[in-house]
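Enquirer: Give the three-dimensional model of this entry:
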Amino acid sequence: MIIADIVNEIHEKGGRFLKREDGEWIVVEQKTAIEKVGHMIGDKRAMLRQQQKKRSSSYVLHNDGNSSTTSSSDTCSERATMETTMVDATAWREKFEQSTNSIYKLTHRHKLLLDEVKESLHTTSLVLTKLEETRQALATELCNSIAIRNVHNAAD
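Expert: Residues are numbered from 1 along each chain as shown. All right, here's what the predicted structure looks like:
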């Protein structure tokens, strides 16, 4: 299904579909994301059909059987509207691609930072383990020194 492919591609690039609930943003389920993308495509398709209808209605059949076309200024206006819509669609697509790229870059940076944090935690864990081993060795050595001193004091 094309819509599911769109949603999957957005997810693969680190994008998420969110909704606001109780003042917080939460990630929606896959099914909801697919529905929302489907609605957006359906709305866009309806808008394009409506524009296409306007263009084709420039040819009018009158009650007397004669036909005519609308004035050239109406046609120019419709063309300008269509061209503006095409520019808007192109701009929207470019913004979408830029947003997707930004999300991908942020996700990649986030992963790098997460890897750094994991490495730092691992290093900290190793240091703490070494400190604990040293503490235990010192405690054992101290206990042995005290025991030897007590033996010497008892012998005197």
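Enquirer: Then Gln98 would be within a helix, right?
Expert: Yes: checked against DSSP: H, G, I helix; E, B strand; the rest coil, Gln98 lies within a helix.
Enquirer: now for the helix or strand harbouring Val37, which elements pack on it?
Expert: Using DSSP states H and E, Val37 sits in helix 30-56. When contacts are defined as 3 or more CB pairs under 8 Å, 6 or more residues apart in numbering; DSSP states H and E, helix 30-56 packs onto helix 2-12, helix 72-155. For glycine as for every other residue, the C-beta is placed from the backbone atoms N, C-alpha and C.
Enquirer: list the buried ones in the first one?
Expert: Neighbour counts using 16 or more other CB atoms under 10 Å place Ile3, Ile6, Val7, Ile10 of helix 2-12 among the buried residues.
Enquirer: By mean pLDDT, flag the weakest helix or strand of this structure.
Expert: strand 59-61 (a mean of 44; mean pLDDT, DSSP states H and E).
Enquirer: Sketch out the low-pLDDT regions of this structure for me.
Expert: The chain contains residues with pLDDT under 70 at 1, 55-89, 156.
Enquirer: sorry, back to before: dump the buried residues of helix 2-12 to a markdown table, plus distance to Thr124.
Expert: Below are the buried residues of helix 2-12 laid out as a markdown table (distance: CB to CB, whole Å):
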| residue | distance to Thr124 |
| --- | --- |
| Ile3 | 45 |
| Ile6 | 42 |
| Val7 | 39 |
| Ile10 | 36 |
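Enquirer: what's the closest of the residues you listed to Ser102?
Expert: Ser102 lies nearest to Ile10 out of the buried residues of helix 2-12, by CB to CB, at 12.6 Å.
Enquirer: Contact partners for the closest one?
Expert: Residues in contact with Ile10 (CB atoms under 8 Å, 6 or more residues apart in numbering) are Phe17, Ala33, Thr100.
Enquirer: tell me which of those residues is nearest to Glu119?
Expert: Checking the contacts of Ile10 against Glu119 with CB to CB, the nearest one is Thr100 at 28.8 Å.
Enquirer: which non-adjacent residue is nearest the closest one?
Expert: Spatial nearest neighbour of Thr100, excluding adjacent residues (CB to CB, 6 or more residues apart in numbering): Lys13 at 5.5 Å.
Enquirer: Any idea how many residues pack against Ile34?
Expert: Ile34: 19 surrounding residues under other CB atoms under 10 Å.
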